[in-house]
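Q: Sequence first, predicted model second:
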Amino acid sequence: MPLETGTYRLFGRRATLAYLNTIAPAAARLVGEHFGRRPLAPTQILLTTPTGLGQLFRSTQAGLAGVSENTADPAMRLMRAEPRQLYSTTTPRPGKAGGTLTLINARRNRHARDLEESLLYELVAVDQLGRPKARERWITVVRDLCGVAPQPPHVRKALEKDFAAADKEAARVVEALAPRLRDAA
């Protein structure tokens, strides 16, 4: 799995980025071994600020739904919390190349343990987005939230249930893999 790391609108934090570069390959290997299904999708991991996280998430959702960034504001509900409170999030990237974009809030991940757990959680999300029809489900939700292609209530409920199950699975996997990542780092 090609991993690309970097920063967006973040100054300083070179030590955090260096640590992220050190643990990312080990974390990807652990997640890949845990699921053992297929290689993880190409992933761009960006360390950013809460504002940068919100901006990148909104523009990515707009690209997925095919709408302007202003119209994509309702899609911000796909983040599990407000950008300032959020540790990290992962989303499919727009375009034919696909892949995923993982955004990590540098201000919330101040300690190595937080960064390790956030990275593992998001790499599990990368695996989940690589499953059959997962990308299409995500785009369906974004288009529904943006008002482009509204879904009936029973479809919305089923999609919400899928997202909740994915969050629970990610939390279980992080709990199992975090000690192994600390030992590997």
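A: Yep, it's here. Residues are numbered from 1 along each chain as shown.

Q: So in the chain, which helix runs the longest?
A: helix 153-184 (DSSP state H).

Q: packing partners for that helix?
A: helix 14-35, helix 112-129, helix 134-145 (3 or more Cβ pairs under 8 Å, 6 or more residues apart in numbering; DSSP states H and E). For the C-beta atoms, the positions are set from N, CA and C on the backbone; glycine is no exception.

Q: Please identify the deepest-packed of these.
A: Highest mean neighbour count of the helices and strands packed on helix 153-184: helix 112-129, a mean of 22 (counted as mean count of other Cβ atoms under 10 Å).

Q: Could you report the separation of the closest residue to Val141 other than its chain neighbours from Leu78?
A: Counting by Cβ to Cβ, 6 or more residues apart in numbering, Leu159 is the residue found nearest to Val141 once chain neighbours are left out, at 5.3 Å. Distance, Leu159 to Leu78, by Cβ to Cβ, to the nearest Å: 11 Å.

Q: what are the phi and psi values for the residue of the chain most remote from its centre?
A: When distances are taken from the C-alpha mean of the chain, Pro152 lies farthest, 26.2 Å away, according to Cα atoms, centre = their mean. Pro152 adopts backbone torsions of phi -70, psi 160, taken as degrees, to the nearest 10.

Q: Was I right to think Ala178 contacts Glu117?
A: Yes: counting by Cβ atoms under 8 Å, Ala178 touches Glu117, with 5.6 Å between them.

Q: pretty sure Ser88 contacts Thr102?
A: Yes: applying Cβ under 8 Å, one finds Ser88 in contact with Thr102, separated by 6.6 Å.

Q: Between the two, which contacts overlap?
A: Taking Cβ atoms under 8 Å, 6 or more residues apart in numbering as the criterion, Ser88 and Thr102 both touch 119, 122.
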